[in-house]
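Chemist: Provided below are the primary sequence and the corresponding predicted coordinates.
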Amino acid sequence: MSPAAERDRTWLSIQHLRGFAALSVVLFHACQWSQIDFATGQAGVDVFFVISGFVMWTATTGEPVRPLEFLKRRVIRVVPLYWLITLVLAAGVLLFPARFPDLAVTPGHLALSLAFVQHMNPAGYPFPLLAPGWTLNYEAVFYLAFAGLLWLPEARRLVALTFALMVLAFAGFAWPPAYQMLLNPLFLEFLGGVWLARMAQTQLLPDRSIGWLLLGAGIGLFVVIQLVNMDWALWRPMVWGAPAILLVAGAVSVEADGGWKPIPGLRALGDASYSTYLIHPLTIGALAMTIGAWNPWIFIPSAIIVAVISGLVCWRLVERPMLNRLRQRLA
């Protein structure tokens, strides 16, 4: 496959994994409302980080990409919907504060949240106003590091990016106060995705039989981690990041060898994963206040259905039209 074709290729397995990752996070928050421990559901974020590294490297393969052009594309893709939902949430908190007892809107907190700057919220936790936005703060740093190295040839860029992400990953150990402020090993998950993309680019991925084994190993590790209730707090990139990398490695290896087949409906779930990820805390919270979360057998399936439907509606009626309009104006 030519470099241009590799760059423009849509990886069906990646889209499917996006959908599964979003569902995993939705299930975690639904269980949280019902006071059920499903901490491993948060690992959907780790899968997203690996996917991000894979997609960013793949999207810049084969021809020079100007750093500002790259950042413009990322801003168009990520910022508008995040700002819109954050501002809707801020309005809700200000108008109906009793409905949001754990949230407070201050000018500084809102501004830093919209600017993707990691900070402590009024409650003393490192979360923006819209809680899932903490992952976008990591994405923003990764994008900046990636853009700053786009002027290098691909082979040198890979080495430089590996060094830069490792510095970001381990700097928090040298300066502990910065560990919660982004400088921690979560950046190794982006790096894992970058290297997987490089392996796909150079046709070094294993065949589909090994790919299925890697995929099964990733799923199996997640199951074991959940069953043994492993402590992930400090070593999250190893506890959840390692199986996340195995999962993505297995999926793309199977697809690269022609063994990944379309699954009806799952492509749309992957397309809507960003909308689902951002909006689901609001829709699940509204559902919990409406029907209560005391009966998990009713609440959790209902929360998943509501989150999926609201994500698809948001993608179809808000995210996709907004992106198309912005891309046309800024083309």
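Modeler: Sure thing, it's come through. Numbering: from 1, shown residues only.

Chemist: pLDDT weak spots in the stretch 1-150 of the chain?
Modeler: Scanning the stretch 1-150 of the chain for pLDDT under 70 picks out 1-8.

Chemist: all helices for it, in order.
Modeler: Applying DSSP state H, counting those that start in this stretch to the stretch 1-150 of the chain gives helices spanning 3-8, 12-33, 44-59, 67-95, 107-114, 133-148.

Chemist: Just put the ones you listed in JSON lines and tack on mean neighbour count and distance to residue 178.
Modeler: Glycine gets a C-beta too; all of them are placed from N, C-alpha and C. Rendered in JSON lines, the data for the helices of the stretch 1-150 of the chain read as follows (neighbours: other Cβ atoms under 10 Å; distance: least, Cβ to Cβ, whole Å):
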{"stretch": "helix 3-8", "mean neighbour count": "13", "distance to residue 178": "35"}
{"stretch": "helix 12-33", "mean neighbour count": "22", "distance to residue 178": "25"}
{"stretch": "helix 44-59", "mean neighbour count": "24", "distance to residue 178": "19"}
{"stretch": "helix 67-95", "mean neighbour count": "16", "distance to residue 178": "23"}
{"stretch": "helix 107-114", "mean neighbour count": "16", "distance to residue 178": "16"}
{"stretch": "helix 133-148", "mean neighbour count": "20", "distance to residue 178": "12"}
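
Chemist: OK, contacts around the residue nearest to the spatial centre of the chain?
Modeler: Geometric centre of the chain, nearest residue: residue 48, 3.4 Å, by Cα atoms, centre = their mean. Taking Cβ atoms under 8 Å, 6 or more residues apart in numbering, we find residue 48 in contact with 18, 21, 135, 277.

Chemist: if we go to 10 Å?
Modeler: 17-18, 21-22, 24-25, 135, 138-139, 189, 193, 244, 273-274, 277 (Cβ atoms under 10 Å, 6 or more residues apart in numbering).

Chemist: what do you get for residue 216?
Modeler: 246, 247, 250 are the contacts of residue 216 under Cβ under 10 Å, 6+ apart.
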